[in-house]
Every structure is written in structure tokens, then in C-alpha cells.
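Peer 1: Okay, predicted coordinates and the sequence, questions at the end:
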Amino acid sequence: MSDLGETDATVLIVDDEKHTRDGLRMALEDDFDVYVAGDRAEAETLLKELGVDVLVTDLKLGADDGMEVIDFALSRTAPPVAIMMTAYGSVDVAVEAMRRGAYHFVSKPVNIDELEMLIRRGLKSRRLEDENTNLKRQVEGKFAGRGDGAILGKSEAMERVFEMIEQVAPTKATVLIEGESGTGKELAAQAIHTLSGRPKGKLVTVHCAGFNRQLLESELFGHERGSFTGASERRIGRFEKADGGTLFLDEIGEIDSATQVKLLRAIGERTIERVGGSTPIKVDVRVVAATNRNLESMVAEGTFREDLYFRLNVVKLTMPPLRLRPSDIPLLAQAFLREFGKENGKAVKEFSEDAAVALARYGWPGNVRELRTAIEHGVVMANGERVTLKHLPEAVRSCSPALATRVAAIAAAAPVTRKTGFAEAAPESLDIAEMEAHYIQLALTRTGGNRTEAAVLLGISRRTLQRKLKALRDIRKEE
């Protein structure tokens, strides 16, 4: 899948000796994105903030114990490959490190070639484990989706979602799924139902925003013949249809206050009455609701009942936007490529390098739904085995919103003067490549030439920044 399928590994070096950690950083940073920490507290902070792929920690960290750093790292939702290093090497220490989950053990002084080999082997092993886990999920049908494809992800954010689904699904608890449009809330509801232990029951969906008050009440609770104009016969509502199964109420924030009252009773008492009827009907329904609105704010504004909010919000599941899970873009893009290639009878197999870069850096305001549409567009427009940049939608081809936003903030915080050799604002005539070069220069100026800090400000990896700088140097040589 070209570069889209290759992620730059992030390595965290933890050692209380500055010359050791800096030496290891310099030796590894040409091939990996390397961060350093001098003690346990700093290491744990970086482990929380970064998507660390590999942890290399010393056993002795002053007053701290490197074993505890490994324990903390391996307790994370997406734990890194852990490698212990120490000058106090012994069989007992090596066995204890491995027992706690470390991938391997190296003695100091560290042989760089050996360490790099271990890092690469560890990453390969972890990648195979992740692929097997994802494959197992798909084979078991645990997170199989319908319509918009399967619910996929390998990022830490999505691992939390999967764990939450597996935890809450077998219970009877009401679930409130929050998230921006296009993040896969309906797929999450489907997964909860699939794992709910209600194999004979149906998953019944109601898109609440698609009906006015009278029609929504009829859809939810049904109606008796003659209950309103046009009600020529009795109708069974969605609650009754979902009896023994799951009722998914999408866009729950759009229902009016009168319907909210009836919904509160239905969920709380597991009893409904059809519109125009007076006979209570018991229903065994598991309710899952979803919204892209802030219900807490709506409660404060008085537009959504507080008691209904609490009734719905027994368990809250938040679907992360795609911009906060960029490592999932390759997985999703490749899945959609296969899906639409098969659907359209096309032999597309991969993305060109420029297409891969564009997909990876685009901001995806429409989230997974927008990505899916973009890949479908690319497959339809492609003529051979590759989807290239020209086959993607204009929005994806022409800009990098996330990068532009970050650098605009950088420029605003520290305007670049003519003394630096750069203009304060990029000329309007620059093309995308020139604009990117300008932004990189701004970031480097802002950070005093520190490439690691510049990469953080730009929202890209240090290795990616190095590649871009090399490309710029090559272009200048040709000129």
C-alpha cells in the first residue's frame, strides 16, 4: 500500500544518564522517531501523551526502578514493545523483565546494531500480533458492520472503544454513544447488539431526526386505528418490534420535549402505550442511543430533559474523530479500497505514494464516512491497479488543513522577520509544496532549529520531517 501502510515507529529511551540517552537518541533517530526521558515520572508522562511503539529503559533510574516503568507501559491500552537495558545484567534480572512482559533484554554498554535489530524484530512481532487480533475479530464477526463496512481500528483510541464494547455489550445497561458525524456510531451500536447475548432479537434502528413529533411517536410506540388522521389501521412501533433485542435511537438530541417524556417512561418502566391506546404493553428492549450533539449543554439550556439524559447515560461510549486516530487511516483506506474494487469490478490494489501522503495528512472533517467516500471516488476514477493523487477528490488533493492550522498558530505566536530570511506570510502564489516548505521553515525558526520540537508543532513525526527536509535539499541542488 505504499507509504500509507508504513508507520514511523516511535521509540522512548529512558535513562537517568544524560549522555547515554542522548547518545542512543542520536544513534537511532535517523530510522525512528526518538524521545528521551530521565526518570520514571517523565517517562510515564510521555507514555500517556505519545503513541509509543517501543520502550527502551534502564533498570536503574536513580531512585526509580525501570521495572516499574515497564509495568506502567505494559498496562496501557496499546502497550509498546518493552526492552530492558542495564549494566547490572544477570539471568535473574533478564527473567524477571521477560516475566513482566518485556520483549527482550540488553546489557550496557549497548551495542547499537543489536538494539536496532531487537527494535525491528519487536515491531515486526507486535505488528503480526495486531494483525492476528484484527483478523480474529473480523473472522468471529465481533465488530462486523453493515452498509458502511466493518468497524476497524488499531489505534489506542479505538482499542479503548473495542474494550468498552466488549465490556458493556453482554449487560442490559443503556448505552449513550457520542461522537461527531461520520465516526461510526451506528457501527458501534451494531457491535454492541452482536455481542449482547440476544441472538434471537433484532437490532431495530430509528433515525429520530427524520420524523416530526407525531410520526416519531408512532414510529417508536405504534398507534391504534383512528388515533389520528391517516391512521387507518393499527401499527406496531419500533419498541415492540425490538422486543427481545436492541433499539438503536440515532440522533437522540433531535426529539421534542413531549416525546422525551414518553421515552423516559418507556426506558425506565419497560412499558409503552400505543398512540391513541391506553393498554400498557411490556417490552424487553435494550436501548442504545447516539448523538453528535452535546446533551449536557442541551440539559443546561433546558432543551433536553435531565432525567432522560441520566437514564440514557448509564454507560457513555465516545467515538473518536478520525483526526485523532491517524494511524487507523491506512487500515481503513485499504479496507475501502478492497471493498469498492470488488464492488466496481476493478483490479485496484494500492495507492501511489502521493495519494498515500495526501490521505495521511488530510484533516477529514467528515471522519470515516468522508474517507470512505473519498476512496470510492478514487476507485471509480482509477484506470489501473493504483489510485493516484489525481483520482482523489479535490479537497483531499489540494490542502492539508491540519498542518496549515498548526503552522498558522506557530506564525501567530512568533512572527518571522526578514532577518531570518523568511517572509512573515507565505506569498499567495505558492503551490502546495512551496507552502509546506514555508511552514516547515517557520516551525524550525520558531523552535530554534530543533527538529524534534518542530515536528511536534507541525503534527508530524521527526522522521517525516527529516524526509521532507532531504527532499527540499535535493530540489535546491537540482535548481
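Peer 2: Sure, I can see it.
Peer 1: Below-threshold pLDDT in the stretch 301-450 of the chain: ranges please.
Peer 2: Within the stretch 301-450 of the chain, the segments meeting pLDDT under 70 span 399-436.
Peer 1: let's see it at 50
Peer 2: Applying pLDDT under 50 to the stretch 301-450 of the chain picks out residues 400-432.
Peer 1: those helices in it, which residues are they?
Peer 2: In the stretch 301-450 of the chain, the helices defined using DSSP state H, counting those that start in this stretch lie at 306-312, 329-343, 353-361, 367-381, 394-398, 401-413, 432-446.
Peer 1: Only alpha carbons, please: show the first one as PDB.
Peer 2: Put plainly, it is helix 306-312. The C-alpha trace of helix 306-312 is given here as PDB (Å, rounded to 0.1, in the frame of the first residue of the first chain):
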ATOM      1  CA  GLU A 306     -32.000  16.000  32.700                       C
ATOM      2  CA  ASP A 307     -33.800  12.800  33.900                       C
ATOM      3  CA  LEU A 308     -33.800  11.400  30.400                       C
ATOM      4  CA  TYR A 309     -30.200  12.200  29.900                       C
ATOM      5  CA  PHE A 310     -29.200  10.400  33.100                       C
ATOM      6  CA  ARG A 311     -31.400   7.400  32.100                       C
ATOM      7  CA  LEU A 312     -29.600   7.200  28.700                       C
END
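Peer 1: coming back round to it: between the helices of the stretch 301-450 of the chain, which one is nearest to Ile119?
Peer 2: Closest of those to Ile119 is helix 329-343, at 20.7 Å (criterion: CB to CB). For the C-beta atoms, the positions are set from N, CA and C on the backbone; glycine is no exception.
Peer 1: now that closest one against helix 353-361, angle please.
Peer 2: When axes from the mean of the first three to the mean of the last three CA atoms, to 10 degrees is applied, the directions of helix 329-343 and helix 353-361 differ by 120 degrees.
Peer 1: Buried ones in helix 329-343, by neighbour count?
Peer 2: Neighbour-count burial for helix 329-343 flags Ile329, Pro330, Leu331, Leu332, Ala333, Gln334, Ala335, Phe336, Leu337, Glu339, Phe340, Gly341 (criterion: 16 or more other CB atoms under 10 Å).
Peer 1: ok, now stretch 455-465?
Peer 2: Residues of stretch 455-465 classed as buried by neighbour count (16+ other CB under 10 Å): Ala455, Val456, Leu457, Leu458, Gly459, Ile460, Ser461, Arg462, Arg463, Thr464, Leu465.
Peer 1: Turn these into a markdown table, columns for pLDDT, distance to Asp250 and secondary structure.
Peer 2: Formatted as a markdown table, the buried residues of stretch 455-465 follow (pLDDT from 0 to 100; distance: CB to CB, whole Å; DSSP: H, G, I helix; E, B strand; the rest coil):
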| residue | pLDDT | distance to Asp250 | secondary structure |
| --- | --- | --- | --- |
| Ala455 | 76 | 39 | helix |
| Val456 | 71 | 38 | helix |
| Leu457 | 71 | 38 | helix |
| Leu458 | 72 | 37 | helix |
| Gly459 | 67 | 32 | coil |
| Ile460 | 72 | 35 | coil |
| Ser461 | 70 | 37 | coil |
| Arg462 | 73 | 41 | helix |
| Arg463 | 71 | 41 | helix |
| Thr464 | 74 | 38 | helix |
| Leu465 | 77 | 41 | helix |
